[in-house]
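**Student:** return a 3D structure for these sequence lines:
(one chain, ligands or ions: 1)
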Amino acid sequence: MTPAARHAAAIGILDRWLAGEAAEKALTNWARTNRYAGSGDRAAIRDIVFQSIRCRRSFAHLSGAETGRGLILGALRAAQTDPATVFTGDRFAPAPLTDAEFATETALPPAPSGNVALDCPDWLRPLLDRALGDQALAVLEALRHRAPVFLRVNSLRATVDQAVAALQAEGIDTRPAPLSPRALEVTGNARRVQTSAAFAAGLVELQDAASQAVVDLLPLTAGARVLDLCAGGGGKSLAMAARMSLQIFAHDIDAGRLSDLPARAGRAGAPLHLLDDAEGPERMAPFDLVLADAPCSGSGSWRRAPEAKWRLTAERLTQLCAIQDSILTRAAALVAPGGVLAYATCSLLEDENSDRIAAFLDRHPDWRCDLSRQFTPLDGADGFFAAILRRVD
Ligand SMILES: C[S@@+](CC[C@H](N)C(=O)[O-])C[C@H]1O[C@@H](n2cnc3c(N)ncnc32)[C@H](O)[C@@H]1O
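**Tutor:** Now for the predicted structure:
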């Protein structure tokens, strides 16, 4: 496909996204009905679509229209690319600019500023300012760009040097990521990772470096009984299993979220025990450490999942905070005397992080917070929060 044809495809997909369809679904549907597109085309279209979603507000401003066409016209203007090279009207390319679109071409709107330039919903800005202080602008700017791809070297299968060499032999370049000793940033051929022999053999897992750093903070001791209460895909369970020999129990309110975990654990050589509803966490309690990696706004990972930035509402945030409070209360009751409750989110907002810990400590005066840490994209990876809580004897 020509670059213009890829942009034409992105316009159609963005229109469907703006009409309410999830971006992944719109991309999949497009690929199903356009089977001539190769993997390189699909990847390029996906990049155009996701970058337009990240920068929805500033791109729409630059074209004066929040439509698929408007977002792509704004993207081209932001990149200082002549729109006429894409809006050619050739076969498979977008139609030439209309008179109205061309008018904004000759009299460009003023450069975006403030929250428009930062692609930040207005209502969220005070919350981000409160959480991030003078780093807010730099973090918001970072969230306008694509995230790096990180791997975790699975020490149950390989040393870091062995994994780097195996990846290199398959043409995948990496460099150490400073946030965690087993984290690698992929610097070349990231798209080959999931089909590589190194991945199939369990040498590496895809996992954000800050997510790995959160697991590094957990005060684990060999042989401990550990519950991953909100295990989801199991990324943190697998990372804990790779740190040392533990009895790990993985649970999620949505059992479907755990469905890939047995295969992932098998590939990684990580012994995990999945807890279904019948064999629930309460029946298997107490645990030496309970990790509550709670559902959240995902504001720390808006580079990877930018739709969430525009979907989040104040009402949804209030609901999430209530869910986080109830998960913390439930988790605390599962911890053995002298044990640890670890709380984590991939959020940048204090509302979901230190405020939830403060509210928990108000409700549970017999607990104290030993440590808390906020990671932001300025640390090099996704935004994450972690707090380590202990019951006071
Ligand atoms: C942030 S994700 C977990 C990510 C996962 N720990 C990882 O590292 O890959 C949050 C998970 O919490 C689950 N969840 C939501 N409410 C829950 C609850 N009340 N109890 C347990 N899990 C819950 C969701 O289904 C979701 O899978």
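**Student:** show me where the stretch 251-393 of the chain has its strands.
**Tutor:** Counting by DSSP state E, counting those that start in this stretch, the stretch 251-393 of the chain forms strands over residues 272-274, 287-293, 335-345, 367-375, 384-391, given from the N-terminal end onward.
**Student:** out of those, deepest packed?
**Tutor:** For these, the largest average neighbour count (mean count of other CB atoms under 10 Å) is found in strand 287-293, namely a mean of 25. Any C-beta I mention is one placed from the backbone N, CA and C, and that applies to glycine too.
**Student:** neighbouring strands for that strand, and are they parallel or not?
**Tutor:** Within its sheet, and counting by DSSP bridges, strand 287-293 is paired with strand 225-228 (parallel), strand 335-345 (parallel).
**Student:** can you lay out those strands as CSV showing mean pLDDT?
**Tutor:** Putting the strands paired with strand 287-293 into CSV (pLDDT from 0 to 100) gives the following:
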stretch, mean pLDDT
strand 225-228, 98
strand 335-345, 97
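**Student:** of all those strands, which lies closest to the ligand?
**Tutor:** When those are compared for distance to the ligand using CB to the nearest ligand atom, the nearest one is strand 225-228, at 6.3 Å.
**Student:** CA atoms only: put that closest one into CSV for me.
**Tutor:** Written as CSV, here are the backbone C-alpha positions of strand 225-228 (Å, rounded to 0.1, in the frame of the first residue of the first chain):
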residue,chain,number,x,y,z
ARG,A,225,2.6,-17.9,50.5
VAL,A,226,1.8,-15.1,48.2
LEU,A,227,-1.6,-14.1,46.8
ASP,A,228,-1.9,-12.0,43.6
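**Student:** what's the next secondary structure element after it?
**Tutor:** Using DSSP states H and E, the helix or strand that follows strand 225-228 in sequence is helix 235-243.
**Student:** list the buried ones in that following helix?
**Tutor:** 235, 236, 237, 238, 239, 240, 241, 242 (16 or more other CB atoms under 10 Å).
**Student:** now swap in stretch 77-97 and tell me
**Tutor:** When neighbours are counted by 16+ other CB under 10 Å, the buried residues of stretch 77-97 are found to be 77, 78, 83, 86, 87, 88, 93, 94, 97.
**Student:** now that stretch - C-alpha only, CSV.
**Tutor:** Extracted C-alpha coordinates of stretch 77-97, given in CSV (Å, rounded to 0.1, in the frame of the first residue of the first chain):
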residue,chain,number,x,y,z
ARG,A,77,0.3,19.6,9.8
ALA,A,78,1.8,18.8,13.2
ALA,A,79,4.6,16.8,11.4
GLN,A,80,5.0,19.7,8.9
THR,A,81,4.2,17.3,6.0
ASP,A,82,2.5,18.9,3.0
PRO,A,83,-1.1,17.4,3.2
ALA,A,84,-1.2,17.4,-0.6
THR,A,85,1.2,14.5,-0.6
VAL,A,86,-1.5,12.3,1.1
PHE,A,87,-4.8,13.9,0.1
THR,A,88,-4.0,13.3,-3.6
GLY,A,89,-7.4,11.9,-4.8
ASP,A,90,-5.5,9.1,-6.5
ARG,A,91,-7.0,5.6,-6.4
PHE,A,92,-7.1,4.3,-2.7
ALA,A,93,-5.8,7.8,-1.5
PRO,A,94,-7.9,10.3,0.5
ALA,A,95,-9.9,12.8,-1.7
PRO,A,96,-8.2,16.1,-2.2
LEU,A,97,-8.7,18.8,0.4
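**Student:** who's in contact with residue 70?
**Tutor:** Counting by CB atoms under 8 Å, 6 or more residues apart in numbering, residue 70 makes contact with 59, 60, 63, 64.
**Student:** my guess is the last one contacts residue 110. True?
**Tutor:** I take that to be residue 64. No: taking contact to mean CB atoms under 8 Å, the distance of 11.4 Å between residue 64 and residue 110 leaves them out of contact.
**Student:** give me the more crowded residue out of these two.
**Tutor:** Applying other CB atoms under 10 Å to residue 64 and residue 110 shows that residue 64 carries more neighbours, namely 15 against 7.
**Student:** ok, the residue lying closest to residue 353 once chain neighbours are set aside to residue 55 distance?
**Tutor:** Leaving out its chain neighbours, the residue that sits closest to residue 353 by CB to CB, 6 or more residues apart in numbering is residue 385, at 4.0 Å. Between residue 385 and residue 55 the computed distance is 25 Å (CB to CB, to the nearest Å).
**Student:** what strand or helix carries residue 130?
**Tutor:** Secondary-structure element containing residue 130, defined by DSSP H and E: helix 125-132.
**Student:** tell me what that helix is packed against?
**Tutor:** helix 136-142 (3 or more CB pairs under 8 Å, 6 or more residues apart in numbering; DSSP states H and E).
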